[in-house]
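Q: Fold the following for me, if possible:
(one chain, ligands or ions: 1)
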Amino acid sequence: MDISVHALDPAKRHPKPKDEKNLVFGRVFSDHMLMMDFAKGKGWHNGRIVPYQLLEVAPAAMVLHYGQGIFEGLKAYRWPNGKICLFRPDQNWERFNRSAHRMCMPEIDTAFQMLAVEQLLKLDKDWVPHSVGSSLYIRPTMIATEPHLGVRPADDYLYFIITGPVAAYYAEGFNPVKIYVAEEYVRTVRGGLGEAKTMANYASSLYAAEIAKKKGFTQVLWLDAVERRYVDEVGTSNIFFRIGEELITPPLSGSILPGVTRNSVMDLAMHWGIKVTERQISIDEVIETAKSGEMKEIFATGTAAVISPVGEISYRDRMHRIADGKVGEWARNLYDEILGIQYGEREDIFGWVKHLDI
Ligand SMILES: *Cc1c(COP(=O)(O)O)cnc(C)c1O
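A: Purely as a prediction, here's the structure:
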């Protein structure tokens, strides 16, 4: 399918942010966006790149009432030689389709998703920041647009992609976070929507996150919703524990989002000869090993920050410091390696980097 291009008059294009280091995440958007429509019987059609603009949706659009909406998040990196690349984008296109399937929404051909981003970045490539660590965040999204009050999968959908420059996450070095174990509230449940990147999961995370913030914590540690015993995720990131010389992460049980960074961390650690185990880990084991000193590191993984070391955990009103609140060796090595691969400074032995011919 062709994508038509309606570019903004060059005189009307917006100035790029001057201070790349102080961009607030998710507030500045590039000049153009991509849109495509879906109608039952007709399929996907009218792929178009247009100036960044407000959407026109009916007040009865089903996404506004029943939450049928999914998204993805990935970044474009500018290498020192000027080339622009993506990190394992196929993983995002495939996950987008798995989310769509789970939410009874139409899938989009993965080659088309790739082409769409390529065409959009061709027009907005000057929006990809130049400093190492900063990048252009890409947000593909799909929403149900059919105007209809009544619960069932919609017949009409809108797919769109917006992008915006973001700063390096750790401009002043790693900053270990304090996390709060939520016992009263849960994010998702096995058999629920946790494995889909769908809007409802973020809505259900807000209340506990606000409580944690008021108490002075950065993130919530989510426990499984059935027994409130096993660790699921932290905030909107996956979680890893280093106990002794073993790296442990909860298995993809249905309530956990299968992160691209999670997968990359596991591959790298295994490649380095580290024993990596996917298994359930109880909050009791986390607290016991934190107390005994066997817990050497805890860190979260996700596209936005890559690696976020955890310095302290609050559980039932008691604080537990992890490895004296210092950044662990594995967290640092994984961060340096993944960032190095993303910016072309380290060898890409797994073939994760996708160069854009733009
Ligand atoms: C997006 C997301 C992650 C991280 O996935 P990445 O592909 O590594 O960015 C983890 N948990 C949740 C709930 C998420 O939404």
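
Q: Contacts only, for H320.
A: By Cβ atoms under 8 Å, 6 or more residues apart in numbering, H320 lies in contact with 287, 290-291, 312-314. Where C-beta positions appear, they are placed from N, C-alpha and C, glycine not excepted.

Q: Nearest to the ligand among those residues?
A: Closest to the ligand out of the contacts of H320 is I313 (18.1 Å), distances taken as Cβ to the nearest ligand atom.

Q: so what's the closest one scoring on pLDDT?
A: pLDDT, I313: 97.

Q: which element is it on?
A: strand 306-315 (DSSP states H and E).

Q: still on that earlier bit, mark which of the contacts of H320 are buried, thanks.
A: Among the contacts of H320, those classed as buried by 16 or more other Cβ atoms under 10 Å are 287, 290, 312-314.

Q: Put together TSV for these, with distance to the ligand on each row.
A: Formatted as TSV, those follow (distance: Cβ to the nearest ligand atom, whole Å):
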residue	distance to the ligand
I287	22
A290	22
E312	21
I313	18
S314	20
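
Q: Mind picking the one among those that's closest to H45?
A: In terms of Cβ to Cβ, no member of the buried ones among the contacts of H320 lies closer to H45 than I313, at 49.9 Å.

Q: and P165, how far is that from the ligand?
A: Distance of P165 to the ligand, given as Cβ to the nearest ligand atom, to the nearest Å: 18 Å.

Q: What residues does the stretch 51-200 of the chain have near the ligand?
A: For the stretch 51-200 of the chain, the residues in contact with the ligand (Cβ under 6 Å from any ligand atom) are 73, 197.

Q: Pull the number of nearby residues for the residue of the stretch 51-200 of the chain found nearest the ligand.
A: With Cβ to the nearest ligand atom, the shortest gap between the stretch 51-200 of the chain and the ligand falls at K197, namely 5.3 Å. If you count neighbours by other Cβ atoms under 10 Å, K197 ends up with 27.

Q: Contact partners for the closest residue to it other than its chain neighbours?
A: Once flanking residues are discounted, K197 sits nearest to S99: 5.0 Å by Cβ to Cβ, 6 or more residues apart in numbering. Applying Cβ under 8 Å, 6+ apart to S99 gives the contacts 70, 72, 105, 196-198.

Q: Close to the ligand: what parts of the stretch 251-358 of the chain are there?
A: 257, 259-262, 301-303.

Q: same thing but 8 Å
A: Residues of the stretch 251-358 of the chain lying close to the ligand by Cβ under 8 Å from any ligand atom are 256-264, 301-304.

Q: buried subset of the residues you listed?
A: For those, buried by 16+ other Cβ under 10 Å: 256-262, 264, 301-304.

Q: Filter those down to the ones in helices?
A: Judged by DSSP state H, the subset of those located in helices is 260-262, 264.

Q: for the residue of the stretch 101-250 of the chain found nearest the ligand, what are its contacts?
A: Nearest to the ligand in the stretch 101-250 of the chain, going by Cβ to the nearest ligand atom, is T236, at a distance of 4.3 Å. Neighbour list for T236: 202, 205, 257, 302 [criterion: Cβ under 8 Å, 6+ apart].

Q: The residues you listed into TSV, with extra columns for pLDDT?
A: Output for those, formatted as TSV (pLDDT from 0 to 100):
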residue	pLDDT
Y202	97
S205	97
L257	98
G302	97
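
Q: In strands only, show me the residues you listed.
A: Among the contacts of T236, the residues falling in strands (DSSP state E) are G302.

Q: all helices for the stretch 251-358 of the chain, in order.
A: Ranges of helices within the stretch 251-358 of the chain are 260-271, 283-292, 329-342, based on DSSP state H, counting those that start in this stretch.

Q: Repeat that for the stretch 101-250 of the chain.
A: Going by DSSP H, counting those that start in this stretch, the stretch 101-250 of the chain shows helices at 110-124, 199-203, 206-214.

Q: right, so the ones you listed: which one is the most enclosed?
A: helix 110-124 (a mean of 19; mean count of other Cβ atoms under 10 Å).

Q: Would you agree I70 falls within a strand?
A: Yes. Looking at I70 with DSSP: H, G, I helix; E, B strand; the rest coil, it is inside a strand.
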